[in-house]
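**Student:** with the sequence up front, the predicted model follows.
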Amino acid sequence: MRVLLLLLLSADWTQAQKSEPGLGGSGGGGFRGADRYDFALVVPAATQECFWHFAHQSGNFYLDHMVQWVTGMASDHRLAVRVLSPDGSLISSSYQVIGQIHFETQTTGFYQMCLGNQNRLGAVRVFLNFGVVYGGQEVTEVNGVNSSLLNIQGSVVRLQTAVFHIWRFYSHARARRGGDLHLLDSTRDYVSWWSLAQTLVILTAGPLQLLFLRRLFINHTHKTRC
């Protein structure tokens, strides 16, 4: 029994340490070593940013994006998103402020994700959340040690799935919080500068009114004496 446990543990450890192939001559932008990522980046005006993510066959690939804010004179908050297969064919596309792309990987390789900013006079800050989820093995009713190990494996898979969904909801909430924080900061700056401008106008209007009234009375007095 101990020998069987050692063999199973060593087999699982060998599979977990398996390294993924490199990107080759495609240049930078490839992601390896994890199955999910979330980060924010700024896409400059009239620019397309592309990334690659490795996925095995029969995996559930997902890509969620949210435009948090735009800068400059950008008027379009939407983002053009495309996902290409390892052979270069288009799998799915999206042109929205908040978009989700989900599909099952048919081949093993690097999948390309391209983000395009259609604005020519402003940059776009976008929050990305993407990765690959693989289904767990089915738990069968077997007597002995195999049954216990499979039950433990099934519980671990269910726990990982629950943690994964919690992590995705947390990432989505964090992206919304970042956008709301930027909106609050921009509104505060707008109110502050507008209040300062109104204060300067009021302070400048008072002396100007006194100056005009003074000139009016001086001119009227001179005309009366003549």
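**Tutor:** Yes, it's here. All values reported here derive from a predicted model rather than from experimental measurement.

**Student:** packing partners of the lengthiest helix in the chain?
**Tutor:** What stands out as the longest helix in the chain, according to DSSP state H, is helix 145-225. If you count contacts as 3 or more Cβ pairs under 8 Å, 6 or more residues apart in numbering; DSSP states H and E, helix 145-225 packs onto helix 2-16, strand 36-43, strand 60-70, strand 124-133. Placement of C-beta: from N, CA and C, glycine included.

**Student:** quick check: closest non-adjacent residue to the residue nearest to the spatial centre of the chain.
**Tutor:** Centroid-nearest residue in the chain: Phe127, 1.5 Å away (criterion: Cα atoms, centre = their mean). Spatial nearest neighbour of Phe127, excluding adjacent residues (Cβ to Cβ, 6 or more residues apart in numbering): Ala175 at 3.8 Å.

**Student:** do I have it right that the one you found meets Asn129?
**Tutor:** Yes. Between Ala175 and Asn129 there is a contact at 7.5 Å, judged by Cβ atoms under 8 Å.

**Student:** hmm, back to that, quick one: pLDDT of the residue nearest to Phe127?
**Tutor:** The model reports Ala175 with a pLDDT of 70.

**Student:** tell me how many other residues crowd it.
**Tutor:** Ala175: 22 surrounding residues under other Cβ atoms under 10 Å.

**Student:** run through this structure and note the low-pLDDT ranges.
**Tutor:** 1-34, 135-148, 150-151, 153-154, 157, 164-165, 179-180, 182, 219-226 (pLDDT under 70).

**Student:** can you do 90?
**Tutor:** For the chain, applying pLDDT under 90 flags the ranges 1-40, 57-60, 64, 66, 68-77, 97-100, 120-122, 129, 131-226.

**Student:** which residue comes closest to Gly109 once chain neighbours are left out?
**Tutor:** Going by Cβ to Cβ, 6+ apart, Gly109 has Pro86 as its nearest residue, at 3.0 Å.

**Student:** likewise for Gly72?
**Tutor:** Gly122 (3.1 Å).
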